[in-house]
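> pasting the structure only:
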RNA sequence: GGGGGAAUGUCCCGAGUGGCAAAGGGGGCGGACUGUAAAUCCGCUGGCGUACGCCUUCGUAGGUUCGAGUCCUACUUCCCCCA
């Protein structure tokens, strides 16, 4: 924990007051460096899925803050490191992705950054790099000679990412064991290419980051710093990032803007202020006022949070549409065309569809059995009426204003639309 | 190299006498209460079938048995002791 409140540089002050800072390697030195002129900093993202999720938002926002303070952000795509797989926080090894899958993921992830950062060649313009550029080129022996000498097994074994795996009696392969070196080499490479002096990341990355800092200081005798964010959990102690229906992806084709808006709207009372500081550009005074709202009024603050966060990612129009749909659905009990929808061939509907099967197809349940159980528990609704028999057949007579409103629980709603 | 122990519902932890779809937690999902919050209480939590039911699950592969998570053999990984 860093307790020194008196940062002089705009960047660190911003980071501190908005709640991004957990640990910093050399706080005073870094502060001085930020004050002296624009610095270059990076955060790495692995390409394990075709989209990033809300759990990555804090990192993306940090890069944005960095740019806001006049510094240069580097987005590092882990094309090379993903081939090895970061063992941090994992119980066992994940299946290895193919080069083609990784490249596909990278292509699909990239777009999100353009919404948050300005890319270009200027001094504070963001740059995107793929560490496959250098990691892929190393020969094994060369890699060992150049970098292996700077790492001791004794030290590596002491890092949490390794220790956890050993403590849990789970195997850790030599491949994964090397991840740490590769991440350190990334930092060094970025230092050489761009003069990058700072690596940021989640608190679980501390070990990996510190290694890179030490490598640079040792090999190139240059200053290097690390900064980590607190582990984000909700006020009631849950890991942040999941919501009704699984991971909250950032790509619109994987999670609709409406769902994204809902995710923020469902924030716990106690988290509203913290999340507004971290995930929106709202001024601090405004946030202080909003988070001070009492009782049910804090719901207004949640809407502000949802609007601001959704606007950053999906744009203002999408945010407004999401809000309108939510207000209509939750506050007025009406339908809105902006609610998520599912299309079904008209002929199928005319022939009759089993409710359980439809619920599965529409994504409200993962199996018919689950849909049936959901119905028995009173959680499945057709046009707002609880339907306990999931075996009943729906047909055209169930259409209301041209759609069937299907809901699982109070928050998952899908409009079934015949086409 | 020798000896002893461990791996369980593929989210996690964890009980399990040869008859087990397998105790109990946590988590997740639903319901009630509220404010689309938290806390609390209740229900559900392998797949398929309307259903007596069928199928797939206890590290991997074989075997004994009417029947195996439970017994035997080999293998894999991990832990402990001796060398």
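Nice, thanks for sending it over. Here the structure is a predicted model, which means the values were calculated and not measured.

> all contacts plus neighbour counts: C-alpha atoms, from now on.
OK.

> what does the model give the residue of the stretch 151-300 of chain A found nearest RNA strand B for pLDDT?
With Cα to the nearest atom of the strand, the shortest gap between the stretch 151-300 of chain A and RNA strand B falls at residue A:268, namely 2.9 Å. At residue A:268, the predicted lDDT confidence score is 88.

> can you count the residues close to it?
By the measure other Cα atoms under 10 Å, the count of residues near residue A:268 is 15.

> Now it: phi and psi?
Main-chain torsions, residue A:268, degrees, to the nearest 10: phi -70, psi 150.

> From residue A:155, how far out is it?
Relative to residue A:155, residue A:268 is positioned 40 Å away (Cα to Cα, to the nearest Å).

> Residue A:63 too?
The separation that residue A:63 has from residue A:155, given Cα to Cα, amounts to 30 Å.

> Looking at those two, which has the bigger crowd around it?
Between residue A:63 and residue A:155, counted using other Cα under 10 Å, the more crowded position is residue A:63 (25 against 9).

> excluding its backbone neighbours, what's nearest the more buried one?
In space, and not counting its chain neighbours, residue A:63 is closest to residue A:73: 5.7 Å by Cα to Cα, 6 or more residues apart in numbering.

> Do I have it right that that neighbour meets residue A:126?
Yes. Taking Cα atoms under 8 Å as the definition, residue A:73 is a contact partner of residue A:126 at 4.8 Å.

> So which elements touch the helix or strand hosting residue A:325?
Taking DSSP states H and E as the definition, one finds residue A:325 inside helix A:316-326. For helix A:316-326, the elements it packs on are helix A:257-265, helix A:298-314, judged by 3 or more Cα pairs under 8 Å, 6 or more residues apart in numbering; DSSP states H and E.

> Can you give the contact residues for the longest one?
Right, the one you point to is helix A:298-314. Taking contacts as Cα atoms under 8 Å, 6 or more residues apart in numbering, the residues outside helix A:298-314 that touch it are A:112, A:115-116, A:250, A:252, A:257, A:260-267, A:269, A:272, A:275-276, A:279-282, A:290-293, A:316-320, A:323.

> Just the buried subset of the residues you listed, please.
A:112, A:116, A:250, A:257, A:260-267, A:269, A:272, A:275-276, A:279-281, A:290-291, A:318-320, A:323 (16 or more other Cα atoms under 10 Å).

> Now do the helices in the stretch 51-200 of chain A.
Along the stretch 51-200 of chain A, the segments classed as helices by DSSP state H, counting those that start in this stretch run A:57-68, A:99-116, A:132-135, A:140-146, A:153-157, A:160-167, A:174-177, A:179-194.
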